[in-house]
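1. Generate coordinates for the sequence data below:
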Amino acid sequence: MDGRDRWMDNILIERLWRPLKHEDIYLKGYADGREAKAGVARWIAFYNDRRLHQAHGYRTPMAVWRGCRPRKAVDMVANADALTTYFSVDGTLIEAWASMKSVKPKDGSGEPPAPGGGRNAEADFHGQKRSNDTHASTTDPDARLYRKGKGKETKLCFIGHGLMENRHGLLVDACLTQADGHAERVAALHMIEPRADRPTAITLGADKAYDAENFVNELRSMDVTPHVAQNNSGRSSAIDGRTTRHGGYAVSQRVRKRIEEAFGWIKTVAGRRTKAKPACN
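-> Residues are numbered from 1 along each chain as shown. Below you'll find the predicted structure:
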């Protein structure tokens, strides 16, 4: 703090600690003091010089301190979206507020709740086979049973999708869909299609979950270069040397990971659960 407001400095600086802890320290788990000092210094430089703050008219703290005029966040995102030709996409699981106890057979054949259990009676799911074909949540029918991989627990979830422009790391589009194995690729095509009608070809970076032949072919038909990570685990990748030989492919694979910063903020600061309805507009 620069001491200009004096008595308010202590109040304002308290706002710094929560994002510092939740966006940097808790996520990275520094091994020692030297590593922590360097990491926190990088985060503070980002906070002061690059991060936009709504309370400051979508300016950085350094811009406010230097007396720069406010800019509208909507204008900044729109300009970045219009000027860039490099994008990245990713998805993340968003837990539903509905409890697993609300999952009942669709045909109504489930056992009635035990008497005297109240509104939150105990339930034993051991040995029960439940799927989205036969079961649904009574409190949130749009939520789907889903798990991230083998050995992971099944939860009632949605999938959140984000489209980032790589030049500035801004999210330019986002949507929420029901959880299934094709949702990420379908949402990616939905978000990138309006941006594909440009004089020059654009690129779309993504992780291995998007390495599917149909998805890659759809992108190429839109004149979008698929900078998708190759999935060679017991199968052949839809991405070949035509794409990987270019230097821009490696750059896209490195930069695309920045979209996880947005998902990290959503889950640690904004709260990761939702009652919202699936929508991709």
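2. which stretches of the chain form helices?
-> Secondary structure of the chain (DSSP state H): helices at 9-20, 26-28, 33-49, 61-66, 73-83, 183-192, 213-221, 241-244, 247-255, 259-265.
3. Just name the most buried of those helices.
-> Most buried of the helices of the chain by mean neighbour count (mean count of other Cβ atoms under 10 Å) is helix 183-192; its value is a mean of 21. Glycine gets a C-beta too; all of them are placed from N, C-alpha and C.
4. Between the helices of the chain, which one is closest to Val103.
-> Closest to Val103 of those, according to Cβ to Cβ: helix 183-192, at 19.5 Å.
5. Which neighbouring elements make contact with the closest one?
-> strand 86-95, strand 155-165, strand 170-178, strand 202-206, helix 213-221 (3 or more Cβ pairs under 8 Å, 6 or more residues apart in numbering; DSSP states H and E).
6. how about 6 Å then?
-> strand 155-165, strand 170-178 (3 or more Cβ pairs under 6 Å, 6 or more residues apart in numbering; DSSP states H and E).
7. Tyr58 contacts Val64, correct?
-> No. Proximity of Tyr58 to Val64 does not meet the contact threshold set by Cβ atoms under 6 Å, at 10.6 Å.
8. any idea how far Lys155 is from the closest residue to His22 other than its chain neighbours?
-> Leaving out its chain neighbours, the residue that sits closest to His22 by Cβ to Cβ, 6 or more residues apart in numbering is Thr268, at 4.3 Å. According to Cβ to Cβ, to the nearest Å, Thr268 and Lys155 sit 18 Å apart.
9. averaged over its residues, what pLDDT does stretch 253-268 have?
-> Stretch 253-268 shows a mean pLDDT of 85.
10. Contacts only, for Phe215.
-> By Cβ atoms under 6 Å, 6 or more residues apart in numbering, the residues touching Phe215 are Arg185.
11. State the pLDDT value of it.
-> We note a pLDDT of 95 for Phe215 in this prediction.
12. can you tell me how far the residue nearest to His22 sits from Arg147?
-> Computed with Cβ to Cβ, the distance linking Thr268 and Arg147 is 22 Å.
13. Tell me how many other residues surround Glu95.
-> A count of neighbours around Glu95, defined by other Cβ atoms under 10 Å, yields 16.
14. nope, Ile239 is what I was after
-> Neighbour count for Ile239, taken as other Cβ under 10 Å: 21.
15. Same question for His182.
-> His182 is flanked by 11 other residues according to other Cβ under 10 Å.
16. again with His53
-> Using other Cβ under 10 Å, His53 has 15 neighbouring residues.
17. Next: Leu163.
-> Leu163 has 23 neighbours, counted by other Cβ under 10 Å.
18. The residue nearest to His22 contacts Lys21, correct?
-> No. At 9.2 Å, Thr268 does not count as touching Lys21 under the criterion of Cβ under 6 Å.
19. higher neighbour count, these two?
-> Thr268 (16 against 12).
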